[in-house]
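S.K.: whatever this is, show me its structure:
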Amino acid sequence: MTDILITINDVRLVGRLEHELAPKTCRYFETLLPYDTKFIHVRWSGEACWVPLGEVTMPFGFENATSYPAPGQMIFYPGGFSEAEILLAYGGVQFASALGQLAGNHFMTITEGNNQLRALGKRTLWEGAQDVRMERIA
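M.R.: You can find the predicted model right below:
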């Protein structure tokens, strides 16, 4: 089991990588760590924050894919119909792009700090992009 600390300004979340359900996605994500990026609010998917990754080819396909991540679930879309991205659900989500419904790999679940997700989502919506750091917990 690998735990990830996710720091967004004053918000601290702990996530558990879902190695058994999405092994290739988790292995790839671990190669990015520590990962500094920004969360922005989604455009089509509902209540979530996301990291656009652009038109890149990921070294994994679909595994443990869902269009409806629950609050506290992170999904990694490997690209194809839309750009690759990482998404963190804080409320109701139907994962989509301008082209319609998509599915992404559920690869991490927030295990600590879920009570801060809604406030994080609202802040991202109303105040804009939020600095994020994701790293292994030592």
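S.K.: C-alpha only now, for contacts and for neighbours.
M.R.: Fine.
S.K.: can you pull the pLDDT of the residue lying closest to residue 21 once chain neighbours are set aside?
M.R.: Once flanking residues are discounted, residue 21 sits nearest to residue 64: 5.8 Å by Cα to Cα, 6 or more residues apart in numbering. pLDDT recorded at residue 64 is 97.
S.K.: might you report the residue contacts of residue 64?
M.R.: Going by Cα atoms under 8 Å, 6 or more residues apart in numbering, residue 64 touches 21-22, 104-107.
S.K.: ok, which pair from those is furthest apart?
M.R.: 21 and 104 (12.6 Å; Cα to Cα).
S.K.: the more surrounded of these two?
M.R.: Set side by side, residue 21 and residue 104 show more neighbours around residue 104, with 26 against 16, by other Cα atoms under 10 Å.
S.K.: my read is that residue 66 contacts residue 107, right?
M.R.: No: assessed by Cα atoms under 8 Å, residue 66 is found out of contact with residue 107, at 10.5 Å.
S.K.: quick check: neighbours shared by the two?
M.R.: residue 75.
S.K.: which of these two has more residues huddled nearby?
M.R.: Using other Cα under 10 Å, the more surrounded residue of residue 66 and residue 107 is residue 107, with 27 against 18.
S.K.: so which strand or helix has the more buried one?
M.R.: Assigned by DSSP states H and E, residue 107 falls within strand 104-112.
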